[in-house]
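Participant: I would like to see how this sequence folds:
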Amino acid sequence: MAFRVERAPNDEKTGTDRLNPIGGNMPHEERRKHPRIHSLNLLSFLVTDENEDIVMQGVGRTLNVSAGGILLETHIPLNPKHTVSLFIALEDDLVDVEGRIIHTRKGEAGKHDTGIAFTKPDEPTATILQKFIEAFQKRPQT
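Facilitator: Modelled structure (predicted):
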């Protein structure tokens, strides 16, 4: 089956693309609370289990960022039963934020894409995230 990238009616403000079968028109209900920006940023992470023991650590990159979470690309899948501490480089700032793993799916080239919702962003972190998102949205589109 062939696919094409489409923009939903409100995607111009969120920058979100979706794949639809060519000739098809899949309904799409936007459930996100915050607009996503496509942004590649390096990060390191620590994964902890329900006893708060570190079960994994690694590096990855963001595929998109919002005030409420990120889409993370890694070489290994992350368990949705665990929590994650992220250390994200956003231009000149380093953000330290905790998150809940929402989903993990196979990505491109054997990598894994993991949706993470931020759970405890303190005020300075939330401010840095918002400034980064606003600055990114003001950049000219290429």
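Participant: buried sites along the longest helix along the chain?
Facilitator: Ranked by number of residues, the top helix in the chain under DSSP state H is helix 123-138. Buried positions in helix 123-138, judged by neighbour count with 16 or more other Cβ atoms under 10 Å: 125, 128-129, 132-133. To be clear about C-beta, it is placed using only N, CA and C from the backbone, and glycine gets the same treatment.
Participant: Out of these, which is nearest to Ile70?
Facilitator: Here the nearest of those to Ile70, counting by Cβ to Cβ, is Leu129; it sits at 9.6 Å.
Participant: Tell me the spatial nearest neighbour of the closest one, not counting adjacent residues.
Facilitator: Ala67 (5.4 Å; Cβ to Cβ, 6 or more residues apart in numbering).
Participant: Can you name the residues that contact the one you found?
Facilitator: Ala67 makes contact with 34, 118, 126, 129-130, 133, according to Cβ atoms under 8 Å, 6 or more residues apart in numbering.
Participant: ditto for Met56
Facilitator: Applying Cβ under 8 Å, 6+ apart, the residues contacting Met56 are 46-47, 76, 78, 82.
Participant: Go again with 10 Å.
Facilitator: Met56 is in contact with 45-49, 74, 76, 78-79, 82, 84, counting by Cβ atoms under 10 Å, 6 or more residues apart in numbering.
Participant: Now intersect those with the strands, please.
Facilitator: Under the assignment DSSP state E, these contribute 45-48, 74, 84 to strands.
Participant: and the two most separated of these?
Facilitator: Maximum distance among the ones in strands among the contacts of Met56 (Cβ to Cβ): 15.6 Å, for Thr48 and Thr74.
Participant: out of those two, which sits in the more crowded spot?
Facilitator: Between Thr48 and Thr74, counting by other Cβ atoms under 10 Å, Thr74 is the more crowded of the two (20 against 16).
Participant: check which helix or strand covers the closest residue in space to that one that isn't next to it in sequence.
Facilitator: Nearest residue to Thr74 in three dimensions, chain neighbours excluded: Gly60, at 4.0 Å (Cβ to Cβ, 6+ apart). Using DSSP states H and E, the element containing Gly60 is strand 54-65.
Participant: Right, I'll call it a day here.
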